[in-house]
Structure formats: C-alpha cells, structure tokens
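Fold the stuff below for me.
(2 chains)
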Amino acid sequence: MDKPDFVVVGSSGGGGTISWLLAKAGFSVVVLEQGPDLAKALDESQLPYDPSLHDEYRYRLQRPDPKRRLRGDYNTFRKTATEDAKPFSNGWTGSVLGGGSVIWGTWSFRALPIDFRLATHFRANQQLDKLVQDGYAVSDWPIAYSEMEPFYNVAETLLAVNGDRVAVNDAIKHAGWFTELSGQPHFRAAGEWFPRFPFPCPPYPRTPVGDLIYQGMDKAGYHPVALPTGIVTPGMGGYSTRDAIANALKAWGNGQRPSFWQQSAETIWSDRIRDACTMCGFCGEYLCWGKNGPKSGTRASSLKELQDLPNAEVRTNAKAVEVIYDDTLNRATGVRYLDVSHPGNPRMRVQSARYVIVSCGAVQTARLLSMSGGSVGLGNQSDQLGRYATFHLFGNSVTCTLAESFQGYLHGEFGATGNTASFEHYFVKDERAGSPTAGKWWKAGTIVSTAKKNPLENADGKLNPYGPVDKRLIGRPLLTAMERYARSLELRLTGDDLPRPENRVDLDPKYVDEYGIPVARITRNLGPHEQLMFELMGPKLLKVFDYYRQIKAINDADIKYNPAIVELVGDHQMGTCRMGDDPARSVVDRFCRLHEAPNVFVVDSSFMPTGFGLNPMVTVVANALRVGTWIVDQTKRGVDLDRPLEPIQAA
Amino acid sequence: MPSQASGPLTDELREILVNLAEGLFPLARWVAEPTKYVPPQSDLPWRQAGQQLTPKRLGVIEFFENLLNGSAAEAELLARWAQVDAQLAKMTPDSDLGRWRAARKLQVPPSFGLAQSANVPLDGEGKPVARADFYALCWPLLVTAVAGRQPAGPDAWEALALELFNDRCPQWPISAGVKSSTFATQFAKDLLYAMLDMRTPASDPWRFALLIELGEHRRVGNAYTPEDVRKTVYALRARLSEYAT
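Down below sits the predicted model:
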C-alpha cells in the first residue's frame, strides 16, 4: 500500500489490537513490527503443537536474546541524572510479531476504579502534599473507569481471560483497605467496583504451588483468588472469541454501543476456535507451542483476524527510526524504517500514511518520538516526553524452600507462572509506631504465587561468574542447590512505583545501536514511597508462610524477603507519554493523540499516567479498543480526527 | 578477537573433558549420597546394579562438540560488531550524522556499546567471544594443567575441577590470557545446557536423568489434564498434613 490510512508501529496489545479494529472498520492499515515472526513455523506445521518451542536455553539464556530485542540493539541505564548511563540488557518487552503480548506472563487484571483517581484519593486523605514533597507527580487519569469498562469486557474476550469474577469481587470487597476507604465519597464515585461481566473462561486449575499459597493466604486472612490469566482454560473443548464477544456486546447494551460495536459478533470476529491449554508450563518467556493459541496475545487473536482482511498488511523486520513530521502542515506524513530482514544489510524505507499510531512499548516509543520531529523530539514541546516512566516493583518477593521431604511435590512445571492472587495489599497501611504517616494507606499492588519453572537458568546463575568466590557453586554443592530449586517457590508483589518526573526515558547522548541510531537511556530510581513499600510489605508477605513455618514444613533459614531491584525494568513499562488534558503537563490527550501533532497516536502503555499495581496488558488492549472506537466513531460522523476532541457517541 | 580454528577435539582432549565434566558434576557420587532424594520411579537404569549416572553416559561431550561446531554464527556476529564499531560514522539514520546529533545535543562521534550490554556471547571477563575461539585459547592451558597435575581417580578430578573453578590450580599457567575460572565456568555452563535442556544424544530416560534426580518434572512435550494437577495437589496436601500432625 502506497499511502494507507494508518501506519501502526508495533504489534503487541496496543498496536496489534487497534490495527485489527481499524482494518475491520474498513480503513487501510500497514503494521510495522521490528521483530520477526518467531511463531511462523506453527502456522506451517501439520502438528497441533510444536515441542521445539520447549527450549529453556533459547528463551531464557541465549544471547543475543532472540525474542526481547533486535540483534545489535540495547538500552542504557542510570539511577540518577548526574550519572553517565551504561549499556545494559534489560528494558525490553518483546521484539517479535505480537510483541510483549506473545511472551507475557498472562496475568490479566483490569485496573480498579480508584486507579483512575489516585491524585484525588491522596488529596482527599491529605497525602498528596507529602508525595509532591518527595518528588512524585501523581495524576488522575483524564478518563474514568466507566469509560473503560465496556472495553475491558471486550479486551477480556480477546485475551480469553479465565477466572472467577464473583470471587475477585469478594476478595476486593473484603480487603481491609476497601472496608476502611470505601466509605469515602470519591472512592465510591470512582466507578463500578464490582463488575458483573463474567470472565470468558472458567478459572485455571489450582496447581500445587498455587494451593500452598492459597492455604497460606487464607490462614493469613488475605482472601485469595484464582489468578485471572489470559489462557484458554485446560479442559475446555475450545474457545470461541466470537461467542465471548457476543456476551460482551449483550452486557454493553444496545443503546450504549458506538457504531463499530453495533455490528453483530458474527460480523466482528471469525469462527476460529482456539485450543485449550495443555499446561505444558513453557509460558511466560516462551512462545506458546500451541498452534491455535491457548495462550493469549495478539499473535493468536487480533493479528490472525487481520490476516483475513485485504485492506491490511503486516511487515515484520521493519524497525521504525522516525515518525516523519512536516512542521509546515503540523502533521506526520509517515514513518521511516529500516528493513532489517537481512540485518547486516539494512534498507531504509518510507511508509507514508494519513495517520501514524505508535505502540512500541514505553521505552522504545519514547526513543522513537525523541528521534522524530525537531531537535527536542516529537511531542516534547513541554519537555514531558519520556518522563514519569514506571516499571513496577519487580523482585519484591518472598522466596522460600520447603523441607527436603517435599522434593518432587511442587510441580512448578504446571501451566503459567502465577496461579493464586490476592488484592489484600492493593493499599497497605503504615502501622509503624511514631511514623509521621501512621494510619495512612499507601499504594502497593497485587500479590501472586509464582512457581520456579526454569531449572537451567537457576543453575546457570549459581555458577555466578562475576560474583564473590563464596557465592559461586560447583560440584555437589551446586547439585544440592539445584535440588533445592525444585522445592522452592515465590510470593511476588507487583507493586506500584509512583510516577516521578526524573524517572525518564530519553536518547542516550553517547551510545548508538548497530545502525547508528541513538539507544534509549533509562533513568530510574526508587523514591521514598517505594522504600516505604519494602518496609511495610516484608512482614505482610512473610505472614503467608507463618503456618508452614509453624509446622516446620519450611525452616526459618529457608525463607527470604527480597526488596525490589531497581535495574529490573522491562516487562511492565508505563508512562513516558502521559495522557492528560493539559498540553503543558502531558504528551497525549484523552484519546491518545499527541497534543502537538494530532494525527499521531500512542496506544501502548506509554499513555498511562499511573502504573496501577498489576499487569497492564488488559488495560492496554482495552484502551486500544477505546481509541480505535473513537477514531471509527469520529470518521463515521464525518469529523476530522485533527479537530478538537469530541466524545464517543452511542450509534 | 581474531578467529582461531579450533578443529575437532583430539582423543586426549576428549578424555580430559570427560573426566573434568565428572569432576565438575560428580553425579554418581551425588546420587549415592545416603540422604539424597530418591525419585519414585522404580525402573531408573542408572540406579540399577552395574550402572552409574555420569556426564559421559548422558552424552555431554558429544553435545559439546556439536556446540563448538555450530558456533560459526557467533563468529560472524562478532565480525559484524567489529565492523560496526570501526565504521560507526557511516551507519546513521541521517545523511549528516554530525548535524543530526549535534542538533539533539548528542555526543559526536557516538559509541557502540553492545558488548557492554551482555547482549552478545561474553567470556568470563565480559569480552565478546565466539565459543570455538574461546575454547581454542583454553585447550593448551588445560592440557598443560592436567599434565602437570596427573589427576587419578574421581577424588582427584573433583579436586582439580574445584581448583580450576576457583582460580586455585597451581598447574594452570600463571601468564595465561584466560583464567582457569573463566574456562571452568563456561564449560560448566555448556554442560548444564546439555543436561537440563534435554539436548544430549542420550536415549530416554537417560536424557532426563538429571531432571529426574532433581525432582524436576519439566520435559519437552509435557501435557497434562486438570485431573493430573488435582492429584498432585492432593499429594502435596497429604504430605503437609503429616507435618501438621
């Protein structure tokens, strides 16, 4: 296509989803994905499953990493703006067709209503000033939960989310923070706390690791629930996305639906049936080995539908290097990209389009926009581009090892990494005697049981070539440590790191990639709120194991609390193109258009003003559906997308 | 680093590597430890009389040789990185690199930092290296160390492996460009790759032997039903209840 309506950069939850919706609505769309289609062999195979993807070395250890980043690319990292950043390996989601949605952990939460009103909440509880003093810039979202809710329903159908809605609602309802805070008017008014739309798939089977944590959480009073995951539940005869969409449309109500969603489910989606999960356990960092998409991601859903449409084209190995911007027109005119099909011999190409949609992940989107437009970058007139980067508090966990008699009992290999969850510490109270914020509830997140699934990666790490001699293991001590791994498990917090302007992604002033393109520089540190979380959450996480310590199933020496690791960034990356109504304090407007270039949209997790305390994938997919719906709605009504905002209307 | 032909392993070297592998991973001795976990399967051949679980029996050296033979792609990549590093000024998204970077207040000329990011194969000192070239540097050092040491028997090989791993082997040439720990660590990594990623040419169940002895149930091609999972949950609960009472 010479000049399609849309060129979309990136094919994950944001780019893949909106590409499908726009093409289905009749627009011409070209998708540029910088990575290859690693799962292509599945489409060509005669087998329903491809065991060659069960490869821990390839997907956990191999360098250059075949799934995370392109050959010859990297980011740099520093903790403060006064340091020189150094090249490092992290900071990537996925560089394959389907992006991070292909290799994600499948934890599928929708945000809670208060997440959209966090500044209001902290202000109402006299906590906002303290956060401002500590360098945070917590902001309300310009949209409310109610605007997202119908799109959350549809997003869950595309992702085949499994779970028990009633149990999730009950877990939230009975959490201590909800009991205490829900009496506040702004809290109740934030939105529908207890959605009625059922998850499209029944809960995933509870695994031994999930059951052990479930019982521990229950004894601790943490109201455990089956973790909702984006996987077709084992034992189902198959999954019809079309039928699930029909249910979402019914829940939306005829009078409420915008024009695109007035169509029947039969028109919207094909009759493809996705296979149920076989619980092989090579999830997360791995490509699902199932041909018909047991594990959800755009590669298994939206992009497959897109392949059926004559007005859409997907180009892999297409690395965008610039959004071409014409400042005389105040419009982007297309995207310049490198065809890296033959990486040692790249070819520069230009894809013109009427509109550009960027969805490369929060780090690479900030990099691409910084390389575009004038010398300060595209969308950066107010010096907001790249700021407020958040990555969640990864690594904040308790790791424990069961007694020797449990060898072989945990079966960490079953299914996805996470299995049992709790919302009990979405907010956590400061109960420290004498603390200046004693009695206040601060933001933590969700806690989830996590299985130890990668024995090779664990053993490889124990060799620890750069570590102190006494920490390096070989011989029988190494084999013993490998045995311990098989009876170990983790309880992990996905914690909310609150946004700070100095946590930023920009262009590294020194380093470039294989093609001479500046790499992304990530500046990130953890502030006082995060330090407080580590202090408050340690005892809360440990409490889940109290019973097992009491009966000596876990010895005290075999349990360890770990604070988050500041350099552990990548899987969840948010902020950098903050959404807001004020161009002086945000990069994109409420429909994710750049304030200063209204034919450029950003639909990955960059737009998120705050990061929640849970996996952002469902929100990213829901938001892409919302933005795509708005685009379709505007054009159906003959409204130019470049004009000032008008809300989505029911058809 | 210049490419060096490694060639096939000599018989002498192969024998050294077999013994060293057993020193690094003394599987038979570990399995024989009285407190060692005993897998529930009754028909494990290496636990039968006259059989032993050893790296050699798992075919790790055959795997290792194949790994060396297949490392040409690593060498090509390293050559590419060297070319990029030398010609960085020519690799630019803009026709005028200096102007484009200066307008953005970026350093001119830039640097290529890929090797520092651990996104390429690295030796123990963080230098980019292809596997075959790395080992080609190590072989004469290893042969010298073994000749000077003359290890005989499992105890001696286990002791030598530990010393190599910790840079405490007096027979490893002091002036060598590669530390013995760097060599031993990389060799151990490659053996783990063989034994835990189910890549060796050994037949079943030998191919999974180490995983079985570890109590790890992960296998290529695993598939389960909800009922399989329920049974394991009940088994865990039953074991826990023994502690509770």
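
Does A:Glu266 touch A:Thr241 like I think?
No. Between A:Glu266 and A:Thr241 there is no contact under CB atoms under 8 Å: 11.7 Å. In short, each C-beta sits where N, CA and C put it, glycine included.

And these two? Which one has more around it.
For the pair A:Glu266 and A:Thr241, the greater number of neighbours falls to A:Thr241 (28 against 11), based on other CB atoms under 10 Å in any protein chain shown.

show me what contacts the residue nearest to that one when sequence neighbours are not counted?
Distances taken as CB to CB, 6 or more residues apart in numbering or on different chains place A:Trp269 nearest to A:Thr241, at 5.2 Å, with adjacent residues excluded. The contact partners of A:Trp269, taken as CB atoms under 8 Å, 6 or more residues apart in numbering or on different chains, are A:241-242, A:245, A:305.

Look at the residue lying closest to A:Gly163 once chain neighbours are set aside and say how many residues are nearby.
Distances taken as CB to CB, 6+ apart place A:Pro228 nearest to A:Gly163, at 3.3 Å, with adjacent residues excluded. Counted by other CB under 10 Å, the residues lying close to A:Pro228 total 29.

re the thing from before, which pLDDT value does the model give the residue nearest to A:Thr241?
Turning to A:Trp269, the model gives it a pLDDT of 98.

re the thing from before, just to check, the residue nearest to A:Gly163 is in contact with A:Tyr152?
No. Using CB under 8 Å, A:Pro228 is not in contact with A:Tyr152; the gap is 11.6 Å.

sorry, back to before: how near is the residue nearest to A:Thr241 to chain B?
Counting by CB to the nearest CB, to the nearest Å, the gap from A:Trp269 to chain B is 27 Å.

same check, this time on A:Leu493
24 Å.

same check, this time on A:Asn615
The value you get for A:Asn615 to chain B, if CB to the nearest CB is used, is 23 Å.

What residues are bridge-paired with the closest residue to that residue other than its chain neighbours?
Nearest non-adjacent residue to A:Asn615, counting by CB to CB, 6+ apart: A:Trp107, 4.2 Å away. Here A:Trp107 sits in beta bridges with A:Thr229, going by DSSP bridges.

How many residues are close by A:Trp107?
A:Trp107 has 25 neighbours, counted by other CB under 10 Å.

likewise the one 10 residues further on?
The number of residues packed around A:Arg117, counting by other CB under 10 Å, is 21.

got the residues of the stretch 101-250 of chain A near chain B?
A:205-208, A:211-212, A:234-235 (CB under 8 Å from any CB of the partner chain).

Point to the helix or strand of chain B where mean pLDDT is at its lowest.
helix B:97-103 (a mean of 85; mean pLDDT, DSSP states H and E).

which is the next helix or strand following it?
strand B:111-112 (DSSP states H and E).

Contacts (any at all) between chain A and that next one?
Yes. Contact of strand B:111-112 with chain A (CB under 8 Å from any CB) involves B:111-112.

Most neighbours among the contacts of A:Trp269, which one?
Result: A:Thr241 is most packed of the contacts of A:Trp269 (other CB under 10 Å), 28 neighbours.

list the contacts for it?
Contact analysis of A:Thr241 by CB under 8 Å, 6+ apart lists A:157-158, A:160, A:269, A:272, A:274, A:301.

ok, now A:Gly216?
The contact partners of A:Gly216, taken as CB under 8 Å, 6+ apart, are A:544-548.

would you list the contacts of A:Thr241 in JSON lines and tack on secondary structure?
Output for the contacts of A:Thr241, formatted as JSON lines (DSSP: H, G, I helix; E, B strand; the rest coil):
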{"residue": "A:Thr157", "secondary structure": "helix"}
{"residue": "A:Leu158", "secondary structure": "helix"}
{"residue": "A:Ala160", "secondary structure": "coil"}
{"residue": "A:Trp269", "secondary structure": "coil"}
{"residue": "A:Arg272", "secondary structure": "coil"}
{"residue": "A:Arg274", "secondary structure": "strand"}
{"residue": "A:Ser301", "secondary structure": "coil"}
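
Okay, now the unreliable bits of chain B?
B:1-7, B:89-95, B:124 (pLDDT under 70).

go with 50
B:1-6 (pLDDT under 50).

quick one, helices of chain B?
Per DSSP state H, chain B carries helices over the ranges B:11-24, B:27-32, B:60-69, B:72-86, B:97-103, B:131-149, B:154-165, B:180-196, B:209-214, B:226-244.

and residue 231, how many neighbours?
If you meant another chain, say so; for now it's chain A. Neighbours around A:Ile231, by other CB under 10 Å: 28.

wrong one, I was asking about chain B
14.

Just say helix, strand or coil for the residue in the stretch 351-500 of chain A that chain B sits nearest to.
Using CB to the nearest CB, the closest approach of the stretch 351-500 of chain A to chain B is made by A:Gly408 at 3.6 Å. With three-state DSSP as the basis, the three-state label of A:Gly408 is coil.

residues near it, how many?
Quick note: A:Gly408 (other CB under 10 Å) scores 20 neighbours.

isn't it right up against A:Ala486?
Yes. Assessed by CB under 8 Å, A:Gly408 is found in contact with A:Ala486 at 7.0 Å.

shared neighbours, the two?
B:Gly215.

OK, contacts around the residue nearest to A:Gly163?
A:107-109, A:161-163, A:168, A:199, A:203, A:421.

Which of those sits closest to chain B?
A:Pro203 (10.4 Å).

That closest one is in what secondary structure piece?
Using DSSP H and E, A:Pro203 sits within no helix or strand.

Find the residue closest to it in space, skipping its chain neighbours.
Closest to A:Pro203 by CB to CB, 6+ apart is A:Ala226, at 3.7 Å.

got it, and B:Ile16?
B:Val146 (5.3 Å).

which residue ranges form the strands in the stretch 301-450 of chain A?
When secondary structure is read from DSSP state E, counting those that start in this stretch, the stretch 301-450 of chain A shows strands at A:312-315, A:318-326, A:331-339, A:347-352, A:355-358, A:397-401, A:418-422, A:427-429, A:441-443, A:445-451.
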